[in-house]
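Q: Okay, predicted coordinates and the sequence, questions at the end:
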Amino acid sequence: MADILMDNQTAPSTPASGKSVLFIDSTTKKLVQTDDGGIRRGGFLSRNSSTAAQGLLATTEVYLTGSGLLVPSFGLDAGCTMVWYISVVKTGAGVAAPVWTFRIGPNQSTADTSRLALTSTGAQVGTAMDGILTAMLHVRTSGASGVLDGSGGAGPANFGGGGSGASSAVDLTSTIAGQFVGLTVTTGASAAWTVNAVSAVMFN
């Protein structure tokens, strides 16, 4: 069986018409294809997950462990989509509308810059519940004045609605390579959530 050895590198130039180029991104170490339109494609450009349960303090914004998605060397292209699957259980306490915040930065913490904050469209229901919440962030336009749009953690109604919206201008070029796109939640007064697992993926 033969091996294929490839150097890791930053994104190459757009190839000539009728051609595509394969490369291993030097930041995420993922296989990427650039087509003759300059569009970068492939499987998951980045992924992450948690390895332990995480309790959430009711009135404090909490960065979801394992939610940070590493930004490739070329930044975030238009059409890039990030999805977070959150396995969570709540007690019967708390009826606030959760706030979901997408942050970009190097820390994988609330110290990273807030780029889109979404208040759930509904309040929590004061009964115990478990389920899977799904959040999504999408690159509407790329570049130095890019726009992100998305939805917060939507799932069973007892957790409140997810909320949706779009960001103001965000630099999504290679200047953010090596940083992380992550997700935080503020569950609200008296709420008691435990996040059992987080699984996050980025694809284009």
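A: Nice, thanks for sending it over.

Q: Surely Ser120 touches Thr101?
A: No. Using Cβ atoms under 8 Å, Ser120 makes no contact with Thr101, being 11.8 Å away. C-beta here means a position set from N, CA and C on the backbone, and glycine is covered the same way.

Q: Among the two, which residue is more densely surrounded?
A: The neighbour comparison of Ser120 against Thr101 (other Cβ atoms under 10 Å) goes to Ser120, with 24 against 20.

Q: What are the neighbouring residues in contact with the more buried one?
A: Shown in contact with Ser120 (Cβ atoms under 8 Å, 6 or more residues apart in numbering): Ala97, Pro98, Val99, Trp100, Gly152, Gly153, Phe159, Gly160, Gly161, Gly162, Gly163.

Q: Can I have the buried ones of those as a PyMOL selection?
A: To isolate the buried ones among the contacts of Ser120 in PyMOL, judged by 16 or more other Cβ atoms under 10 Å, type:
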select buried, resi 97+98+99+100+152+153+159+160+161+162+163
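
Q: How far away from the center of its chain is the lowest-mean-pLDDT helix or strand in the chain?
A: Here the helix or strand of the chain ranked lowest by mean pLDDT, DSSP states H and E is strand 40-42, holding a mean of 83. Chain-centre distance of strand 40-42: 17 Å, with Cα atoms, centre = their mean, to the nearest Å.

Q: Direction included, what does it pair up with?
A: Next to strand 40-42 in the sheet, as set by DSSP bridges, lie strand 31-34 (antiparallel).

Q: ok, and for the strand it pairs with, which residues are buried?
A: Those would be Val32, Thr34, for strand 31-34 by 16+ other Cβ under 10 Å.

Q: where's it relative to the chain centroid, distance-wise?
A: On Cα atoms, centre = their mean, the centre of strand 31-34 falls 20 Å from that of its chain.

Q: any idea of the mean pLDDT in it?
A: If you average the pLDDT over strand 31-34, you get 92.

Q: Show me the contact partners of it.
A: With Cβ under 8 Å, 6+ apart as the contact definition, strand 31-34 has outside contacts at 11-12, 14-15, 20-25, 40-43, 45, 72.

Q: tell me which of the contacts of Ser120 is nearest to Glu61?
A: Val99 (7.5 Å; Cβ to Cβ).

Q: residue contacts, the closest one?
A: Glu61, Ala117, Leu118, Thr119, Ser120, Gly152, Val185, Thr186, Gly188.

Q: same thing with Gly152?
A: For Gly152, the contacting residues are Pro98, Val99, Trp100, Leu118, Thr119, Ser120, Ala135, Gly161, Gly162, Gly163, Ser164, by Cβ under 8 Å, 6+ apart.
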